[in-house]
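K.L.:
Model the following, please.
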Amino acid sequence: MLAGLQSHPWAYPVLEICHIVGVALLLGNLVLLELRVFGLGAALPIRPLARLALATALAGFSLAAASGLLMFASDAAALLANRAFTVKMLLLFVAGCNAAWFHGRGSLALCDGMARAQMAVSTVIWLAVVSCGRWIAYQ
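P.N.:
Numbering: from 1, shown residues only. Predicted coordinates:
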């Protein structure tokens, strides 16, 4: 399979497209939920919106993770030596910890100042992940 990724002219670009679509689904839905937590769209009930947004974000993350893993496997040594890739992986870990903390404390039900801060931090982290991902090509 890895030989196919390296030899077929369309394989890696298709993986990149899948990766970008996954990131778009993830980040777009997190921003949508963040806007609701910050009070925009107050007419939308938060629980059903959160179920839809988080399920779609999880599907996007799964797509991005699967395609990212395949891209990583096609040139692992070069990526491990790439500082932007290393920072991206660290940021992904931090994003996961922030999400676990957010859901662990029931922030969605609280919609308090801490929940808003966690959502804002999440968006900043994910934008940094996207930036590092793009920067990988230039290292």
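K.L.:
roughly how far apart are residue 133 and residue 58?
P.N.:
According to CB to CB, to the nearest Å, residue 133 stands 19 Å off from residue 58. Glycine gets a C-beta too; all of them are placed from N, C-alpha and C.
K.L.:
again with residue 47
P.N.:
With distances taken as CB to CB, residue 47 is found 16 Å from residue 58.
K.L.:
Give me the more crowded residue out of those two.
P.N.:
Neighbours per residue (other CB atoms under 10 Å) separate residue 47 from residue 58, with residue 58 holding more: 13 against 10.
K.L.:
Work out for me the element that one sits within.
P.N.:
Using DSSP states H and E, residue 58 sits within helix 46-74.
K.L.:
Just after that helix, pick out the following helix or strand.
P.N.:
Past helix 46-74, further along toward the C-terminus, the next helix or strand under DSSP H and E is helix 76-80.
K.L.:
what's the following helix or strand after that next one?
P.N.:
As assigned by DSSP H and E, the chain's next helix or strand after helix 76-80 is helix 83-104.
K.L.:
Can you list the low-confidence ranges for the protein?
P.N.:
For the chain, applying pLDDT under 70 flags the ranges 1-7.
K.L.:
In contact with residue 30: list those residues for me.
P.N.:
With contact set as CB atoms under 8 Å, 6 or more residues apart in numbering, residue 30 has these partners: 53, 57, 119, 122, 123, 126.
K.L.:
what comes up buried for stretch 130-139?
P.N.:
Along stretch 130-139, these residues count as buried under the neighbour rule (16 or more other CB atoms under 10 Å): 130, 132, 133, 136.
K.L.:
now stretch 12-28, how far from the chain's geometric center?
P.N.:
A distance of 10 Å separates the C-alpha centroid of stretch 12-28 from that of its chain, computed with CA atoms, centre = their mean, to the nearest Å.
K.L.:
Going forward, count from 57.
P.N.:
With the count now opening at 57, the last piece we talked about shows up as stretch 68-84.
K.L.:
what's in contact with that stretch?
P.N.:
Taking CB under 8 Å, 6+ apart as the criterion, the residues outside stretch 68-84 that touch it are 61-62, 112-113, 115-124, 126-127, 130, 179, 182-183, 185-186, 189.
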